[in-house]
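Novice: Need the 3D shape of this:
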Amino acid sequence: MPVAVFRNAPRSPDCDTRTVKRRAERMLSALHERGAELSVMLTDDVSIHVLNAKHRRKNKPTDVLAFPMDTEGVSPKGAVRLLGDVVISLDTAGRQAKAHRHPLLTEVTLLLAHGLLHLVGYDHRTDKEERVMNAEAARLVALSTRASLGQRTLSRRLRDRPLTSRAR
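Specialist: Next up is the predicted model:
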C-alpha cells in the first residue's frame, strides 16, 4: 500500500513521519484498502489556513483537511485506488495535544484517522453519523497504535477527546 508522508512545516512541532506512515498503512489495512494510495501532508497553520479558505471558504486554520481523489470507490481493473490527500496542521495539532494532555503523535494519529475516514466516505453531519465515525476512528487509532500504546492508555486519552468537530 503506497503511503507517502511529507512534511512542509519547518517551524512547527516535530513529528516522526516514519511512524505516521506506519500508522497510516495499518489504518488502510484495517479498512481493507491495502492497494490504495494515500498522501499525508504535515504542514503549518499558515498553509492549512490558505487551503481551508480556498476549498471550504473558512478564513482560519483548521486541524485536518481531506481531499478525496477516487470519490466513487472504483478504479480501473488492476489500477491502484487513489484515495487522496490528508493535510494535518502540526501547529493546531500541537495546541490540541497540549489541551488534551497527550503527545503530539497521538493527536496526529487521531487527525489522520479522521481525515482518512472522510476519504473513504464517512461524514459527521448528523449525530448518528458522528457516533459511527467516532467509533471507527477510535478503532483505527487503536489498531494503528497497538505496538506503542496499551488499550488502557488509549482509552484514557480518548475518553474526553471528541474525534469529530461537527459544528452545532
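Novice: CA only for contacts and neighbour counts going forward, please
Specialist: Fine.
Novice: The most centrally placed residue in the chain: what secondary structure?
Specialist: Centroid-nearest residue in the chain, with Cα atoms, centre = their mean: L112, separated by 1.5 Å. Counting by DSSP: H, G, I helix; E, B strand; the rest coil, the backbone at L112 sits in helix.
Novice: Next, work out how far apart it and V87 are.
Specialist: L112 sits 8 Å away from V87 when distances are taken as Cα to Cα, to the nearest Å.
Novice: Repeat that for T106.
Specialist: Taking Cα to Cα, one finds T106 at 16 Å from V87.
Novice: For these two, work out which one has more neighbours and name it.
Specialist: Taking other Cα atoms under 10 Å, T106 and V87 do not tie; V87 has more neighbours (26 against 19).
Novice: would that one count as being in a helix?
Specialist: No: with three-state DSSP as the criterion, V87 is assigned strand and is not in a helix.
Novice: Just the pLDDT at the residue nearest to the centre of the chain, thanks.
Specialist: Looking at L112, its pLDDT reads 98.
Novice: do G78 as well
Specialist: On the pLDDT scale, G78 gets 56.
Novice: swap in the one 5 residues further on?
Specialist: The predicted local distance difference test score for L83 is 93.
Novice: pretty sure the residue nearest to the centre of the chain is touching V86, no?
Specialist: Yes: with contact defined as Cα atoms under 8 Å, L112 counts as touching V86 (7.0 Å).
Novice: overlap in contacts of these two?
Specialist: Common neighbours of L112 and V86 are listed as V64 (criterion: Cα atoms under 8 Å, 6 or more residues apart in numbering).
Novice: Just to check, G35 is in contact with L82?
Specialist: No: with contact taken as Cα under 8 Å, G35 and L82 are classed as non-touching, separated by 9.0 Å.
Novice: Which of these two has more residues huddled nearby?
Specialist: Legend: neighbour count by other Cα under 10 Å for G35 and L82, higher for L82 (20 against 16).
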